[in-house]
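Asker: Compute the structure for the input listed below.
(one chain, ligands or ions: 1)
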Amino acid sequence: MTPAHRIAALRAAAARISDVPLRELVSADADRVRDFALRVGPIHASFARQRLDRAALDALFGLAGECDFQGRLQALFSGEHVNGTEDRPALHTALRGALVDAAAARAAHAQAREGRDAMRGVIEGLRALGVRDVVSVGIGGSDLGPRLAVDALAPVSGGEFRVHFLSNVDGHAAQRVLAGLDPARTAALLISKSFGTQETLLNGAILRDWLGDDARLFAITSNEQRAAGYGVPAERILPMWDWVGGRYSMWSTVGLPIALAIGMDGFEALLAGAAEMDAHVLHEPPRSNLAAWHALVAVWNRNALGLASHAVLPYDERLRLLPNYLQQLVMESLGKSVRRDGSPVGVDTVPVWWGGPGTDTQHSFFQALHQGTLRVPCDFIGVAQADAPYAGNHQALLSNLLAQGEAFANGQDSEDPHRAYPGGRPGTMLLLDALTPHSLGALVSMYEHSVYLQSVVWDINAFDQFGVELGKQIANRLLPVVRGEAEADDPVTRALVVELRRA
Ligand code: F6P
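Answerer: All right, here's what the predicted structure looks like:
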């Protein structure tokens, strides 16, 4: 059955309830609040405010069965070549646990443990050298995960190492990161799976020169030869592996910045949280499986309701980078329009994922979410336990979180159209008991599995990203043009280059 056939049944279910106000869907079903919620470890998730009723849910879980969610998860965890276009597995789950007995998963798990031993060695070495600051140079999957985890979890008062991130090829970024750092007490980690990424190689060269010698220069890569050719001593190259996708790699040696910021025990706790979610997702049938719910709701919003964007709204300053992280995870994974066999998908795939932290965003784009013509489903993320010293602020934060979920869903009538709130905006609430390495690991793992299960419904490969290649190739061709050594072929580019040269 094609994705288009599968989705047709959902559309019929959606048409039946499309005119029913969301608040009525909630009030009409006494057990809905209980039955549309799940708890997994440190996460409580409520889907009660999604535009769904029980018949729609039945259709969605029927879809999960047709798509063989459980079989496809088993294939992922076992190391089958789920990345067909690149003929390799995606074994990020083996980085954090040993849930299946397949040979590929076992071997990957053993390599991951060795990688963690190497990370411990690096940390001890940096300690012995008296290093204070560490600059992590990488981009995309070699940046966003560690950046998120460090921003969320590093002690406010500063830990043993201060970790900085450098991703953008713009020289201002390097200038800003290096300002105030002492080369003699700084180490650089060049993180690149391919060790062929322009931004990382250019920024890495800045760091290599700035450090003055290679004693504190490290690489994390699956291309050790390239890193050695670049000038990183072999004993300071940590392995990364072909069987981990870049955007799924924060659990690997790529997570070294995290371990530096929160300690190796903290890093292990992050992995343990992800592993707890992995076990849940692998073993629970779809109806009691959080990632399956999340994925099916995403498909419902995209394909049955036709909603073209999805907002992530963490009501916790420490999670302010979660939307950035998820943009790559979700949109690089699901931004495809052909099926695994190369035929057109025939239905819409990933919506635009975006967002920002509450409460700041309430004062920027929330107006459009409340009264604009776009309907944007939201993931609200809240943290029950306050760790900051200002208890009153945390209460205000939580009341805003709850208020916005209510306002989006229920709206409010008014005779004055300017002051009416239509409501009917669907939202999922994800509440963490506390923000810890463990709960962050569980949350991110949940999103990873949701992404994979969405790809299963759409029959697309979630693990390649050929879409980003064309721009890189053209940029390489245009570098001599920008340097003034060649002319551009494209007439618009040619005219723009004239303008750039004029300045
Ligand atoms: O943006 C494309 C991409 O290939 C991402 O998938 C990847 O995370 C990023 O570039 C960085 O790649 P690398 O780790 O090889 O430098």
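
Asker: ok, which residues in this structure are in contact with the ligand?
Answerer: 139-142, 192-194, 197, 200, 246-247, 332, 465, 468 (Cβ under 6 Å from any ligand atom). All C-beta atoms are positioned from the backbone trio N, CA, C, and that covers glycine.

Asker: Mind giving me the ChimeraX command for buried ones among those?
Answerer: Selection command for ChimeraX covering only the buried members of the residues of the chain next to the ligand, criterion 16 or more other Cβ atoms under 10 Å:
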select :139,140,141,142,192,193,197,200,246,247,332,465
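
Asker: Arg113 is in what secondary structure piece?
Answerer: helix 103-129 (DSSP states H and E).

Asker: I'd like to know which elements whatever helix or strand comes next after that helix is packed against.
Answerer: Downstream of helix 103-129, the next assigned helix or strand under DSSP H and E is strand 133-137. Judged by 3 or more Cβ pairs under 8 Å, 6 or more residues apart in numbering; DSSP states H and E, strand 133-137 is in contact with strand 162-166, strand 186-191, helix 198-211, helix 256-283.

Asker: how about a cut-off of 6 Å?
Answerer: Counting by 3 or more Cβ pairs under 6 Å, 6 or more residues apart in numbering; DSSP states H and E, the packing neighbours recorded for strand 133-137 are strand 162-166, strand 186-191, helix 198-211.

Asker: could you give the angle of the last one to strand 162-166?
Answerer: Comparing the axes of helix 198-211 and strand 162-166 via axes from the mean of the first three to the mean of the last three Cα atoms, to 10 degrees yields an angle of 130 degrees.

Asker: For the residue in the stretch 301-450 of the chain that the ligand sits nearest to, give me the backbone phi and psi.
Answerer: Closest to the ligand within the stretch 301-450 of the chain is Glu332: 5.8 Å, counting by Cβ to the nearest ligand atom. Dihedral pair for Glu332: phi -70, psi -30, per degrees, to the nearest 10.

Asker: how near is the closest residue to it other than its chain neighbours to Ile206?
Answerer: Distances taken as Cβ to Cβ, 6 or more residues apart in numbering place Gln465 nearest to Glu332, at 4.9 Å, with adjacent residues excluded. Gln465 sits at a distance of 26 Å from Ile206 (criterion: Cβ to Cβ, to the nearest Å).

Asker: which residues touch the residue nearest the centre of the chain?
Answerer: What sits nearest the mean C-alpha location of the chain, by Cα atoms, centre = their mean, is Leu326, with 3.0 Å. The contact partners of Leu326, by Cβ atoms under 6 Å, 6 or more residues apart in numbering, come to 312, 353.

Asker: repeat that with 10 Å
Answerer: Residues in contact with Leu326 (Cβ atoms under 10 Å, 6 or more residues apart in numbering) are 144, 148, 247, 310, 312, 314, 353-355, 379, 444, 447, 451.

Asker: Now render these as a markdown table, adding pLDDT and secondary structure.
Answerer: Conversion of the contacts of Leu326 to a markdown table gives the following (pLDDT from 0 to 100; DSSP: H, G, I helix; E, B strand; the rest coil):
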| residue | pLDDT | secondary structure |
| --- | --- | --- |
| Leu144 | 98 | helix |
| Leu148 | 98 | helix |
| Arg247 | 98 | helix |
| His310 | 98 | strand |
| Val312 | 98 | strand |
| Pro314 | 98 | strand |
| Trp353 | 98 | strand |
| Trp354 | 98 | strand |
| Gly355 | 98 | strand |
| Asp379 | 98 | strand |
| Val444 | 99 | helix |
| Tyr447 | 99 | helix |
| Val451 | 98 | helix |
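
Asker: What about these, which one has the most neighbours?
Answerer: Counting neighbours by other Cβ atoms under 10 Å, the top entry in the contacts of Leu326 is Pro314, with 28 neighbours.

Asker: thinking again about what came up before, element containing the residue nearest to the centre of the chain, please.
Answerer: helix 322-326.

Asker: Not counting the following helix or strand past that helix itself, show me its contacts.
Answerer: Following helix 322-326 in sequence order, the next helix or strand is helix 333-334 (DSSP H and E). Under the contact criterion Cβ under 10 Å, 6+ apart, helix 333-334 has outside partners 90, 245, 247-248, 298, 302, 349-351, 353, 448, 451-452, 454-455, 458, 460-465.

Asker: at 6 Å what do you get?
Answerer: The contact list for helix 333-334, computed with Cβ under 6 Å, 6+ apart, reads 349-350, 451, 454, 462.

Asker: For those residues, which two are the farthest from each other?
Answerer: Thr349 and Val451 (11.3 Å; Cβ to Cβ).

Asker: Using CSV, write out the CA atom coordinates for the helix holding Leu326.
Answerer: These are the backbone C-alpha positions of helix 322-326, laid out as CSV (Å, rounded to 0.1, in the frame of the first residue of the first chain):
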residue,chain,number,x,y,z
LEU,A,322,16.0,22.5,21.4
PRO,A,323,14.2,24.0,18.4
ASN,A,324,17.5,24.5,16.6
TYR,A,325,18.6,20.9,17.3
LEU,A,326,15.3,19.5,16.2
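
Asker: Contacts only, for the residue of the chain most remote from its centre.
Answerer: Ranked by distance from the centre of the chain (Cα atoms, centre = their mean), the top residue is Glu415, with 42.2 Å. Residues counted as contacts of Glu415 (Cβ under 6 Å, 6+ apart): none.

Asker: what's the helix or strand for it?
Answerer: Glu415 belongs to no helix or strand, assigned by DSSP H and E.

Asker: cool, Gly342 as well?
Answerer: Short version, using DSSP H and E: Gly342 is in no helix or strand.

Asker: Among the helices and strands packed on strand 133-137, show me which one is buried the most.
Answerer: With neighbours taken as mean count of other Cβ atoms under 10 Å, the helices and strands packed on strand 133-137 reach their highest mean count in strand 186-191, at a mean of 27.

Asker: Report the angle between that one and strand 133-137.
Answerer: Going by the same axes, to 10 degrees, strand 186-191 makes 20 degrees with strand 133-137.

Asker: hmm, back to that, out of the contacts of helix 333-334, name the ones that lie in helices.
Answerer: Judged by DSSP state H, those include 451, 454 as members of helices.

Asker: Could you list the low-confidence segments of the stretch 351-500 of the chain?
Answerer: By pLDDT under 70, the stretch 351-500 of the chain has no low-scoring segment.

Asker: again, 90 this time
Answerer: Per-residue confidence for the stretch 351-500 of the chain (pLDDT under 90) gives these ranges: 386-389.

Asker: what domains does the record give for the protein?
Answerer: Following automatic domain parsing, the chain resolves into domains at 3-66+284-464, 93-264, 472-502.
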